[in-house]
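[1] I'd like to go over a predicted model; first the sequence, then the structure.
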Amino acid sequence: MHNTLKRLIINFTSIFSANFISRFLAFIYFTILARYLTTQEMGLYGYLFVYIGVGNILTDFGINRILVRDVARDHSLAQNYLKHIVTLRMFLSLVSAILLYLIILMLPKDTKVLLLAPLALLSIFPYSLSFTLDYTLKAREKMRSSAISMISFESLKILLLLLVIWLDFRLIGILSMLILAFILYCLILYSFISQDGLRLGWGFSLPAWKNILTASLPFALFNVMEIIHSRLNLFLLKNLLNDDVITGYYFIAYQFIVVILILPAASSIVIQPMFSRHFALSTDKIHNEYILFLKIMSVLGLFIAIMVFIFSDFIIVLAFGTKYIPSINILKILTISIFFLFLQYANSAFLIASDIKWRILIFSLLQLSINFISNLVLIPKFGAVGAAWAHNISTAGGFILFSIMIRLYMQSIRSSYNNNIQV
């Protein structure tokens, strides 16, 4: 118990420190970007990120969660998993990039989007590789190496962004810089991977791919629903109103919410390997750990949501400038979702470690439906403010739905256990 607690504290300190520093650097990067680009360009950048985010989730296909779960239980699987997963994800990256560009071609034509989309989608390849390498380190609980790599990546992004601004290459330069930053990130991660005795290689094996995809499919569909849920507001805002400026106002407020989710993200990363191990040993133990984690996230989430609400005026004007004053009200509204997003990290950690599969997809579809309907109703009438309220409604609804699912799952497990005892 002492060694486990010590390892958790060390891992949490490494990941939390790295997340804090990297999120702070990401925030600096974002403020520089927002001040450099016009509000229209920022809206376009945010819209392109919808496709990048969807592409990254499609290439992940839930594979990284399987990687963490299985390698955390048996470190000897790392080399074989890494070899096959890297090859599989490069193939999925190609399929995703082509599919997403075809979707762009089917939507109402926007010459700027058509020009920049290929470059944006190209970033999916190094992004996919970098996160596979990073999750391999996390699965083996090499949190310090992951932390150093993460901080280096965010530092490189800022330096390359300053170079783009100096050369005044606008959005084309920024997207090119992003690809280069991810390539350098891959090289840094691989240097740590190789120190751990692992090597990259090509693993083209259809049976191995089938086993990986079969195991990861429920998580893949859950990931797709999750990313669509998080990006749907921006996508619908852009396509329903066709106003890059309004989209930019929402993007600024939403990205700040993403940046401040440092604590639950770090906590979830650290707790995930332990949850995966303990779930196979004791259902009651993992349930008690989940409840404790949920309580901690609720207190922290409420405190941070209140702080952001109080200081939202100061945050937006100081960080992004007066041209984004309309984002203040949007940020105030979105603070409601901060509380529920903190709680959802506890739910996600439990669900990933559990044996719940297709029920995750059903509940994810329900949450996505709530988000889609809310956006369709609220955006045409209230614009970005409507998108913010739709996000709050769906985030709160999602937490309630997944909490119900976890509760029903635990009841079924205990009922099965009691029946076995009686027999």
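    Looks like it came in fine. The shown structure was predicted, so the numbers you read here are calculated from the model rather than taken from an experiment.
[2] who's in contact with the residue lying closest to residue 338 once chain neighbours are set aside?
    By the measure of Cβ to Cβ, 6 or more residues apart in numbering, the closest residue to residue 338 outside its immediate chain neighbours is residue 305, 4.1 Å from it. (Each C-beta comes from the backbone N, C-alpha and C, glycine too.) Listed by Cβ atoms under 8 Å, 6 or more residues apart in numbering, the contact set of residue 305 reads 335-336, 338-339.
[3] next step: these restricted to helices.
    Secondary structure defined by DSSP state H assigns 335-336, 338-339 of these to helices.
[4] top of those residues by neighbour count?
    Within these, most neighbours by other Cβ atoms under 10 Å means residue 338, with 25 neighbours.
[5] and it, what does it touch?
    Neighbours of residue 338 in contact, by Cβ under 8 Å, 6+ apart: 257, 260-261, 301, 304-305, 308.
[6] between those residues, which is nearest residue 64?
    Nearest to residue 64 among the contacts of residue 338 is residue 261, at 18.0 Å by Cβ to Cβ.
[7] in the stretch 151-300 of the chain, where is pLDDT below threshold?
    Low-confidence segments of the stretch 151-300 of the chain (pLDDT under 70): 201-205, 208-209, 212-213, 215-227, 229-230, 266-284.
[8] helices of that one, residue ranges please.
    For the stretch 151-300 of the chain, applying DSSP state H, counting those that start in this stretch gives helices covering 170-195, 206-241, 244-260, 262-279, 283-320.
[9] got those as TSV, with distance to residue 385 columns?
    Formatted as TSV, those follow (distance: least, Cβ to Cβ, whole Å):
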stretch	distance to residue 385
helix 170-195	27
helix 206-241	11
helix 244-260	9
helix 262-279	25
helix 283-320	14
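[10] check which residues of the helix or strand hosting residue 58 are buried.
    According to DSSP states H and E, residue 58 maps onto helix 39-60. For helix 39-60, burial by neighbour count (16 or more other Cβ atoms under 10 Å) applies to 39, 41-60.
[11] same question for it, mean pLDDT?
    The average pLDDT for helix 39-60 rounds to 79.
[12] what's the answer for stretch 95-106, then?
    Mean predicted confidence for stretch 95-106 is 87.
[13] any idea how far the residue lying closest to residue 394 once chain neighbours are set aside lies from residue 364?
    The shortest distance from residue 394 to any non-neighbouring residue, by Cβ to Cβ, 6+ apart, is to residue 371 (3.5 Å). Going from residue 371 to residue 364 by Cβ to Cβ, to the nearest Å gives 11 Å.
[14] same question for residue 210.
    Following Cβ to Cβ, the distance that separates residue 210 from residue 364 is 23 Å.
[15] higher neighbour count, these two?
    The residue with more neighbours, out of residue 210 and residue 364, is residue 364; 22 against 10, by other Cβ under 10 Å.
[16] just the element for that one, please.
    In the assignment (DSSP H and E), residue 364 maps to helix 358-382.
[17] show me what secondary structure element comes after that helix.
    helix 384-422.
[18] packing partners for that next one?
    Judged by 3 or more Cβ pairs under 8 Å, 6 or more residues apart in numbering; DSSP states H and E, the packing partners of helix 384-422 are helix 206-241, helix 244-260, helix 283-320, helix 326-353, helix 358-382.
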